[in-house]
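Chemist: structure, please.
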Amino acid sequence: MEINSIGIIGAGQMGNGIAHVMALAGYEVRLSDVSQDTLDKAVALIERNLDRQVSRGKISAEDRDAACARIRPTLDVVDVAQTDLVIEAATEQEAIKQKIFDGLLPHLKPNTILTSNTSSISITRLASRTDRPEKFMGFHFMNPVPVMQLVELIRGIATDEETYRACLAVVDRLGKTAASAEDFPAFIVNRVLMPMINEAVYTLYEGVGNVRSIDMAMKLGANHPMGPLELADFIGLDTCLAIMNVLHDGLADTKYRPCPLLTKYVEAGWLGRKTQRGFYDYRGEEPVPTR
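Modeler: Below you'll find the predicted structure:
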């Protein structure tokens, strides 16, 4: 199946990054959200990021202009449903994702492929609520999308080979690398990454080290580009907690129990960079540890 147009639902951190790379690769993109303000901010951010790529010599001004012209923001879900491939990039809550797919179903073309950018939720379960489980799969980009090279492709129990091959071709056209993952909680990347972050929060919670010392230890001692608490802030503490809950519930193992301190930060609304406070306070000129 040839894919020429991409519908993206959710214009937040992940959605606008996916729109950016899809448009740059030559796809016609319809980017949707429930808020016009969010759409306006997403388009403005994409334009700034494309300008940055031009200034660094990574793309030409003509490439930038052509990519911008391919992105059509919309509040109408019908516009998105009429594309060849739909990527849901909403918040990491299963009920919200299911509601989105329920709203799409009456308007989809017969051959439209449905995918979710979920980082942890069962693809099989999401697909079972649709009229095309064989044309449904996980399409998990890493953040920030224009920079990170990996895409996890997750097949549900009913996903057919044609759907997988079509999505693999999209990844190839983007110039990224696909990792095929089985449909188990959190797949590959977050199955490994999130318990490490959660353990770093436990290390903070138990007083083994403070925020700065934990991050420094992992950067200088394990050669990680970012410390685990800094990375948690970048991802969003609410997302980290949601993934840990999926792991804990789905695998029924106490080693995946979310740290109470992580829960407390989320309850306080300290979600990381997007709220200006998490394990670091970002409201000043330099980030300052909050513990």
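Chemist: count of residues packed around residue 163?
Modeler: Neighbour count of residue 163, defined by other Cβ atoms under 10 Å: 25. From N, CA and C alone the C-beta is placed, and that goes for glycine too.
Chemist: phi, psi for it please.
Modeler: phi -60, psi -40 (degrees, to the nearest 10).
Chemist: would you agree it is in contact with residue 138?
Modeler: No. Residue 163 lies out of contact with residue 138 (Cβ atoms under 8 Å); the separation is 11.1 Å.
Chemist: show me what the helix or strand residue 37 falls within is packed against.
Modeler: For residue 37, the element it lies in under DSSP states H and E is helix 36-55. The helices and strands touching helix 36-55, judged by 3 or more Cβ pairs under 8 Å, 6 or more residues apart in numbering; DSSP states H and E, are helix 13-24, strand 28-32, helix 61-70, strand 71-74.
Chemist: may I see the buried residues of that helix?
Modeler: Neighbour counts over helix 36-55 (16 or more other Cβ atoms under 10 Å) mark 38, 39, 42, 43, 45, 46, 49, 50, 53 as buried.
Chemist: quick check: the gap between the second one and residue 282.
Modeler: From residue 39 over to residue 282 the distance is 25 Å, taken as Cβ to Cβ, to the nearest Å.
Chemist: now the third one
Modeler: Shown here: residue 42 relative to residue 282, a distance of 21 Å by Cβ to Cβ.
Chemist: likewise the fifth one?
Modeler: Counting by Cβ to Cβ, the gap from residue 45 to residue 282 is 17 Å.
Chemist: and the last one, by the same measure?
Modeler: Using Cβ to Cβ, residue 53 is found at 25 Å from residue 282.
Chemist: kindly report the same for the first one.
Modeler: Distance check for residue 38 against residue 282: by Cβ to Cβ, it reads 20 Å.
Chemist: residue 44 too?
Modeler: If you measure residue 44 against residue 282 using Cβ to Cβ, the figure is 20 Å.
Chemist: over to residue 134?
Modeler: Residue 134 is 44 Å from residue 282, by Cβ to Cβ.
Chemist: what's the helix or strand hosting residue 101 packed up against?
Modeler: Residue 101 is located in helix 94-104, with elements delineated by DSSP H and E. Using 3+ Cβ pairs under 8 Å, 6+ apart, the elements in contact with helix 94-104 are helix 77-81, strand 85-88, strand 113-116, helix 123-128.
Chemist: which of the three states applies to residue 179?
Modeler: Using DSSP: H, G, I helix; E, B strand; the rest coil, the structure places residue 179 in strand.
Chemist: surely it and residue 154 touch.
Modeler: No. Assessed by Cβ under 8 Å, residue 179 is found out of contact with residue 154, at 9.5 Å.
Chemist: neighbour-wise, which of these two wins?
Modeler: The residue with more neighbours, out of residue 179 and residue 154, is residue 154; 25 against 14, by other Cβ under 10 Å.
Chemist: now do the SS call for that one.
Modeler: With three-state DSSP as the basis, the three-state label of residue 154 is strand.
Chemist: give me the nearest residue to it, chain neighbours excluded.
Modeler: Excluding its sequence neighbours, the residue lying closest to residue 154 (Cβ to Cβ, 6 or more residues apart in numbering) is residue 138, at 3.0 Å.
Chemist: am I right that that neighbour is in a helix?
Modeler: No. Going by three-state DSSP, the assignment for residue 138 is strand, not a helix.
Chemist: give me every residue that touches it.
Modeler: By Cβ atoms under 8 Å, 6 or more residues apart in numbering, residue 138 lies in contact with 115-118, 123, 152-156, 181, 183, 187.
Chemist: quick one: which of those is nearest residue 142?
Modeler: Lowest distance from residue 142 to those (Cβ to Cβ) belongs to residue 152, with 8.1 Å.
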